[in-house]
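Colleague: Next come a sequence and a model predicted from it.
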Amino acid sequence: MHVLSLVTQKGGTGKSTLAVSLGVAAQERGLKVSVLDTDPQGTARAWSRRRPNDTPEVEAATSGSLSVQVSALERAGYDLTIVDTPGVLSPATSTAMREADLCLIPVRPSIADVEAARPTVQFLLEREKAFAFVLNQCPGDGRTGRTTGAFRGLQMIGCVCTSTLALRADHVDALAFGLGVTEHARRGKAAAETRAVLDWALARMNARSQRP
């Protein structure tokens, strides 16, 4: 089982929205998926209550319960666990980073987001944890000079997901209806971008798991 944690010490970067849509997209790939919500705001849990389907399962988790829950999910045959975290450094965030096979750090193309990510990156580097930035909520189609500049700047700090996510209404609408963006607008650009991020993350985790 792979564990993918979405982490950054800044709110508003779209962690929860991305977490649930990645979970749905992974399920559509045929994976057995669970989402663990460690954020006190409970955005992922609220989404699951609006959801017309029972899967992917979304459960609350704390710093004390997260490791036990991850182990139980692995024993139950799950393929992927996605951990959503609060936008502040907390014991739950630290545990989520330690449990992860890969930490995704959603960053908007702004200097404020890049600077806010530095403490998270330092924590991960000190513990030799795999991580990657993913540019989220990018203006336009994600091909603007600002996005390109942010991508190049982040490459100087660490690995960057080659797929970016533009700021699109489909993400907001899908969350409101308890859907993943790949369900809400299957052929939309937001869905395609989300699938691309998932495929990139899965490929990276698979490659790491096959290393001797």
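Modeller: Received, thanks. Numbering: from 1, shown residues only.
Colleague: which residues sit against stretch 172-192?
Modeller: 16-17, 20-21, 23-25, 28, 43, 47-52, 141, 165-166, 168, 170-171, 194-195 (C-beta atoms under 8 Å, 6 or more residues apart in numbering). (Each C-beta comes from the backbone N, C-alpha and C, glycine too.)
Colleague: again with stretch 53-68
Modeller: Taking contacts as C-beta under 8 Å, 6+ apart, the residues outside stretch 53-68 that touch it are 20, 23-24, 26-27, 33-38, 42, 44-45, 47-48, 69, 83, 90-92, 94-96, 99.
Colleague: Narrow those residues to just the buried residues.
Modeller: For the contacts of stretch 53-68, a burial check counting by 16 or more other C-beta atoms under 10 Å picks out 20, 23-24, 26-27, 33-38, 42, 44-45, 47-48, 69, 83, 90, 92, 94-96, 99.
Colleague: Take those and keep only those in strands.
Modeller: Those of these mapping onto strands are 33, 34, 35, 36, 37, 83, per DSSP state E.
Colleague: so where do the strands sit in the protein?
Modeller: 2-6, 33-37, 57-60, 80-84, 102-107, 131-135.
Colleague: So what angle separates the directions of the fifth one and strand 80-84?
Modeller: Strand 102-107 and strand 80-84 meet at an angle of 40 degrees, taking axes from the mean of the first three to the mean of the last three C-alpha atoms, to 10 degrees as the criterion.
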